Every structure is written in structure tokens, then in C-alpha cells.
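> Dropping the sequence and predicted coords here.
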Number of protein chains: 2
Amino acid sequence: MTDLLAALDRQMPDLPPAEQALAALVASEPDWAASVPITELAARAGVSPPTVTRFCRRLGIDSFARFRVALTQAGRPGLRYRQPLGGAHAGADASAAALLDGASRAMSDALDGRDRAGFDAAVAAVASAGRILVFGQGGHSSLLAREAENRLYRLGLAATATVDGGRALMQAATLGKGDACLVISQAGRSPATLDCMAAARDYGATGIALTRPGSPLAELADRVIGLSLDEHDDILRPSAARYGGLILLDLLATEVAARIGDPARETMRRIKHQMLTVGLAPPDGPLGD
Amino acid sequence: MTDLLAALDRQMPDLPPAEQALAALVASEPDWAASVPITELAARAGVSPPTVTRFCRRLGIDSFARFRVALTQAGRPGLRYRQPLGGAHAGADASAAALLDGASRAMSDALDGRDRAGFDAAVAAVASAGRILVFGQGGHSSLLAREAENRLYRLGLAATATVDGGRALMQAATLGKGDACLVISQAGRSPATLDCMAAARDYGATGIALTRPGSPLAELADRVIGLSLDEHDDILRPSAARYGGLILLDLLATEVAARIGDPARETMRRIKHQMLTVGLAPPDGPLGD
DNA sequence: CAGTCTCCGTAAATTATTTTCGTATCGCTT
DNA sequence: AAGCGATACGAAAATAATTTACGGAGACTG
């Protein structure tokens, strides 16, 4: 019952006419529907108040009051702004809503859909690794690779990202037992990424792939953190998959930090101290610029 | 109005006794408080129903009904985990919820809080620029700078990102009238970023800053896209401000693309065509790897 | 020591929600 | 095609929830 709006979509066809009208209204303006009295909602949908009560019951909720709560909760950050984004360009606010929706959805999906056990194993491998090589190529994956380095070095880990296909293979060849190799690739099929993963594993490093489940790269890795591609029709709209990858890296870093504990805290404190001393960071702001 | 629970914390000391009792109850069980009738809430707090109504009014909300909506929104999954993590680590799912909440919030805030007119002007400047220099330094800003290049070159624009403080200044010196210089800095106070912005403007380029409003960098720029730092108490948790910056860049790129229109579409098609030809991208996937 | 202000409860008024009940409509059977 | 039963749905009544009006108690002020 987490996502009332999804349940609503699903049940839509089976609903009687009056309740379909209600469903359509609620789906299009969930925020509004959750905050007005039952009579106003009924009037705007062209039905009577009892129909609204019956509608709630049919959705498995025993009162209109609870329905409001469920509806408000269903309005997850992005979902509130559900925008089909089709056809003509509808203006900056519509774009903003669609982007936010896509990004929120990508993040929830990535987090919810992760394989708990595999993820924990990846956390353990990273936290205890001697060195960590992060590799990603192409616009999105190289962004994620650099961000992974950025997150991990702050914890005092020996993480290095490279986005150079030739160099990655050479670096992978220097890894050994107790090291980790994190390879990031959305499609999981480019030769350079596969070679890098294979080489790292050959020399005894733990291979972790942040990639599409089932891809050739995933098959090669010891541990897989799944990241699915999002489908989209509009060639001009940026893919939201990056957000899924970023939030997974954030979670990885957070969990690694928790596992490392005080030494990580001390490293972060040092970084902050230096930034403050030089005057680059405002005293209350986040680390780095 | 985004975070009722925070507002509640803040106002707590100034509240009369009966309302403090209410505030404490609401803060400790927001979900419950949002779903029970006013009489039940009042009874459990040991106050009368009218006191609850007055309590809502004092918080700036004109009815108990709206208070419930606000409370439900504030009580979204992530927020409950705003624990300082100084104590025990509550597990990966709690971290995931907190990260997701922070990221979603950062994105909504960034989009909602943007200055519409200034943003449009920045879009126009980028879309019509001869060359675009993107500059950012430090973990977060360099990530954003590279991502800006990544988004813009795909539209056929001559965008170049640099994260090298010395090189940026030299590059800025090559800009001229009709060019644009996008400088990204979360604190907006590092000398390198200021020098770069000043030089670019000196030579006639339009200076656009993605930075904290009111910062020295913002003062120097022609156009400001505001990005506020998020406060957070947990040194080990990554800052969510990056997400705000990313979504703003996505919006910038989307709006620029819409303004450019078909030529941008053609460039994207070409990129996709080449990726498909070489077999790097799956036919239905997003652009790039 | 009034006067005034704020807090907060009781009771009344108002408003919102749910229940009850009756009619209409549709599909199915004979 | 008429009869039957089920479902849909609104009107009105009943109930519940919320807000307003008002007044008393206590604290602070001149």
C-alpha cells in the first residue's frame, strides 16, 4: 500500500464510471485532492460525497481521512509532479517537473531494487580493500566513476578512478589479492570494461560491477550492484539513470563509512579542517567546493 | 513550509505550555498524529481540541486539515532518519531512506527556488553562445562542471569543462563577445573561480554562475543560477547539494535543447547512430555508456 | 490593586463525513 | 419482452469532527 497512485492506475479499468471520474481527478491532482473536503472533491468530480467514501473503501481504505493520509504519502517527491512530457515543449516548469519525477523515480527504483546481500558484500569488500580501482567510460559512467573516487578517498581509502580505457587495463594489472575493482558501465558490454574486470579478477582482486543486471559485465563480476537503464522517448531529455547510480554510490560510501567508523570520521575531520584553515569552505557548509 | 517538523523544533521554546505538550507529541509520532481525529490527538496530549486548532494557526497553518497534510508530507520516510548518526548506525535501509530524502529535497528546493527570469536569461545566453567554458573546482563543483560539458556538447554546442584552476584562467582569457562562461562553485569564494569569472567578463563573455546566492562569485556574474548548500550534521553522510546542481544543469540543458530545436536533435541522433554502429549502446538504451 | 493580556477550557455552532434508504439502470434468465 | 437480481449512485438523515464564541484563571504592568 506504499503507492496509492500506482494502485489507482491499476484498478482504474475495473471501477464504475463515477469512481473512474474520481480516480482521474485524484491522479491528476493528488495534492489538491488530499487537502480539500470530501464535498469539494465530490463536486469537482461530478459525483456525490457517498461515492467518494465508497471509492475509498474499494481501494481498501476504510475512511476518507485515511485515504488522505495515504494519498499524501503516495505523493513522493517526484510523483507529486507526475508529468507525461509528451509532444510539444511545455515550458520550463513542466520540464522541471518531468526531470524531478524521473530523477526521484530512478533513485527510488535503484535503492528499492538493490540486492541487499550483494550490496552488503560489496560494502564489505570496499571497506576492507587495500586499493580500489574505479573504472567507467562514456559520459555517464565516467561521471559515476569519478564520483565514486570522490566519495571514497574522503574516507581515507586508496581509491583511484580512471576513465582512460588503456590506462584502466594497466592499472587493473597492478591489483592483487585484497584489492577491489569497481567497474561502472550502464550497458555493461564495452570491451574495455570487460577486459578491465577480467584482468582484475585474474590477479585476485574482488570485482564489483555497477551495471545492468544480466549484462556481460555483470556475469564477469564477483559482486553486482544493479542499475537499470531508463527508457525514454524524448531524445533531448537527459537520462535519469545517472541519479540511480549516484544514490547507490552515496549509499555505498555511507555504509562503508559506517563500517570503517572512527578512522573515516577522522579523515573527514582533517579534510574539513584544512578547507576551513585556507578559507575555502564556509564554516557551516558541506565539505569541498 | 517544506519541513514542518523542523519548524516545530524551532518554535518549540516560544510555545505556551499546552502547545508544547502537543508539539512534543506530534514530533515523536508524526504519522500517528496525522491520521487521528483532533479529539484523539488533544486527549492524548492532555489538552482540549480548540488548543490543537490554535496550535496549527500559530504554526502558520489555517486549519487542522492542512496541518495534517503538511505533517504527512514532512513525515515522509527519509525524514524520520534525520538522526545525527553519531549514535548507532541504523542500517542500510535507514541510510537509503535518508539519502533519498535528502536528494529529493535538494532537487525540489533547487528547482522551486530558482529565479525564473534569471534562469531563462542563462538559457538564452548558453543557447546562443559561440563557445562555452565551464569551470568548477573541488569534488562537487568539478563533477558538476564536467556534467555540464557532457550535457551541452551533445547538443552540438562548443562546451569545454576544465577543473584546472590555472588552465581555466588562460581559457577564460580566450573568450570574447558572444561567448559564455559558466562558473560553478558551491561556496562561491575561491580565488580561482573569481579570477576566471572576472577575466571572462572583462573580455565580453556572458558570465553565468551556478553558486550560492549572495556569494562573491554571484556578485561578479551577469546571471546567477542559485544553489544553496544543505546543512547537515553528520560528517559521514554525503552532501545532497550535488543533486540540486545536477537537476539544475539538466533543466538548463533541456531548455537549451528546446531553444535550439532541430539542430540539437540532429546532433543527438548522430551520436546515437555512431554508438549503435559500433555496438556500444543497446538499441533501446540511453545515449552513451 | 485595578487593568489588560494571554492561555485555555466549555459549550454552541458550524462543517464534514458516513449511514441509511430509495430509485435507476444494466445484464441475465425465462 | 417481461421479470428478477445485482450493482450504481444520489438524497436525506444521522453521526462525527472541527471551529467559533465566550468566559474564567492566572500573570504581568502601570
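Received it, and whenever you're ready, just let me know what you need. Here the structure is a predicted model, which is why all the values come from computation and not from measurement.

> what inclination does the helix or strand that contains residue A:151 have with respect to helix B:139-153?
Using DSSP states H and E, residue A:151 falls within helix A:139-153. Interaxial angle, helix A:139-153 versus helix B:139-153 (axes from the mean of the first three to the mean of the last three Cα atoms, to 10 degrees): 180 degrees.

> interface residues of the stretch 1-150 of chain A facing DNA strand D?
Within the stretch 1-150 of chain A, the positions near DNA strand D by Cβ under 7 Å from any atom of the strand are A:16, A:17, A:18, A:19, A:46, A:47, A:48, A:49, A:50, A:51, A:54, A:65. From N, CA and C alone the C-beta is placed, and that goes for glycine too.

> What's the ChimeraX line that selects buried ones from those?
Buried members of these, defined by 16 or more other Cβ atoms under 10 Å in any protein chain shown, are picked up in ChimeraX with:
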select /A:18,19,47,51,54,65
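
> Residue A:181: which of the residues of the stretch 1-150 of chain A next to DNA strand D is nearest?
Nearest to residue A:181 among these, counting by Cβ to Cβ, is residue A:65 at 53.5 Å.

> Which pLDDT value belongs to the closest one?
The score at residue A:65 is 88. That number is its pLDDT.

> okay, the residue lying closest to it once chain neighbours are set aside: pLDDT?
Nearest non-adjacent residue to residue A:65, counting by Cβ to Cβ, 6 or more residues apart in numbering or on different chains: residue B:35, 6.9 Å away. pLDDT for residue B:35: 85.

> quick one: residue B:35 from residue B:170, how far?
Distance, residue B:35 to residue B:170, by Cβ to Cβ, to the nearest Å: 61 Å.

> So for these two, which residue has more residues nearby?
residue B:35 (19 against 12; other Cβ atoms under 10 Å in any protein chain shown).

> residue boundaries of the strands in the stretch 51-200 of chain A?
In the stretch 51-200 of chain A, the strands defined using DSSP state E, counting those that start in this stretch lie at A:132-136, A:159-162, A:180-185.

> Tabulate the ones you listed (JSON lines), appending mean pLDDT and mean neighbour count.
As requested, the strands of the stretch 51-200 of chain A are arranged in JSON lines below (pLDDT from 0 to 100; neighbours: other Cβ atoms under 10 Å in any protein chain shown):
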{"stretch": "strand A:132-136", "mean pLDDT": "92", "mean neighbour count": "28"}
{"stretch": "strand A:159-162", "mean pLDDT": "90", "mean neighbour count": "20"}
{"stretch": "strand A:180-185", "mean pLDDT": "92", "mean neighbour count": "30"}
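
> right, and those strands - which one's nearest chain B?
Closest to chain B of those is strand A:180-185 (Cβ to the nearest Cβ; 5.8 Å).

> Does anything pack onto the closest one? Which helices or strands?
helix A:116-127, strand A:132-136, helix A:139-153, helix A:191-202, strand A:206-211 (3 or more Cβ pairs under 8 Å, 6 or more residues apart in numbering or on different chains; DSSP states H and E).

> Let's see that with 6 Å instead.
Contact partners of strand A:180-185 among helices and strands, from 3 or more Cβ pairs under 6 Å, 6 or more residues apart in numbering or on different chains; DSSP states H and E: strand A:132-136, helix A:139-153, helix A:191-202, strand A:206-211.

> Adding distance to residue A:102, write those out as CSV.
Converted to CSV, the helices and strands packed on strand A:180-185 look like this (distance: least, Cβ to Cβ, whole Å):
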stretch, distance to residue A:102
strand A:132-136, 21
helix A:139-153, 14
helix A:191-202, 25
strand A:206-211, 19
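
> can I get the ones you listed in CSV with distance to chain B?
Shown next, in CSV, are these (distance: least, Cβ to the nearest Cβ, whole Å):
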stretch, distance to chain B
strand A:132-136, 8
helix A:139-153, 4
helix A:191-202, 8
strand A:206-211, 10
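
> What helix or strand is residue A:11 located in?
Residue A:11 is part of helix A:4-11, with elements assigned from DSSP H and E.

> which element follows that helix toward the C-terminus?
Remark: after helix A:4-11, the chain's next helix or strand is helix A:17-28, criterion DSSP H and E.

> Buried residues, the helix or strand following that next one. List them.
On the C-terminal side of helix A:17-28, the closest following helix or strand by DSSP H and E is helix A:30-35. By neighbour count on 16+ other Cβ under 10 Å, the buried set for helix A:30-35 is A:30, A:33, A:34, A:35.

> I'd like these as CSV, with distance to residue A:101 appended.
Shown next, in CSV, are the buried residues of helix A:30-35 (distance: Cβ to Cβ, whole Å):
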residue, distance to residue A:101
A:30, 13
A:33, 18
A:34, 18
A:35, 20
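
> from the residues you listed, which is closest to residue A:217?
residue A:30 (39.1 Å).

> The closest one is in contact with residue A:70, isn't it?
No: Residue A:30 is beyond contact range of residue A:70, at 10.2 Å (criterion: Cβ atoms under 6 Å).

> Mind jotting down where the helices sit in the stretch 151-289 of chain A?
Assigned by DSSP state H, counting those that start in this stretch, the stretch 151-289 of chain A shows helices spanning A:165-172, A:191-202, A:216-220, A:241-260, A:262-278.

> highest average neighbour count across those?
Burial of the helices of the stretch 151-289 of chain A is given as mean neighbour count (mean count of other Cβ atoms under 10 Å in any protein chain shown); helix A:241-260 ranks first at a mean of 25.

> Next, the angle helix A:116-127 makes with that one.
The directions of helix A:241-260 and helix A:116-127 differ by 70 degrees, with the same axes, to 10 degrees as the criterion.

> is helix A:241-260 up against chain B anywhere?
Yes: using Cβ under 6 Å from any Cβ of the partner chain, helix A:241-260 reaches chain B at A:247, A:250, A:251, A:254, A:255, A:257, A:258.

> Arrange those residues in TSV, one row each, with pLDDT and distance to DNA strand C as further columns.
Listed next are the residues of helix A:241-260 next to chain B as TSV, based on pLDDT from 0 to 100; distance: Cβ to the nearest atom of the strand, whole Å:
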residue	pLDDT	distance to DNA strand C
A:247	90	36
A:250	88	39
A:251	89	39
A:254	85	41
A:255	86	42
A:257	82	44
A:258	80	42
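
> hmm, which two among those are most spread apart?
The largest separation in the residues of helix A:241-260 next to chain B, counting by Cβ to Cβ, is between A:247 and A:258 at 16.3 Å.

> and the closest residue to residue A:212 other than its chain neighbours, backbone torsions?
Leaving aside its sequence neighbours, residue A:212 sits nearest to residue A:188 (Cβ to Cβ, 6+ apart; 4.9 Å). Backbone geometry at residue A:188, expressed as degrees, to the nearest 10, gives phi 70, psi 30.

> Residue A:4 contacts residue A:72, doesn't it?
No: contact criterion Cβ under 6 Å: residue A:4 and residue A:72 do not qualify, at 9.2 Å.
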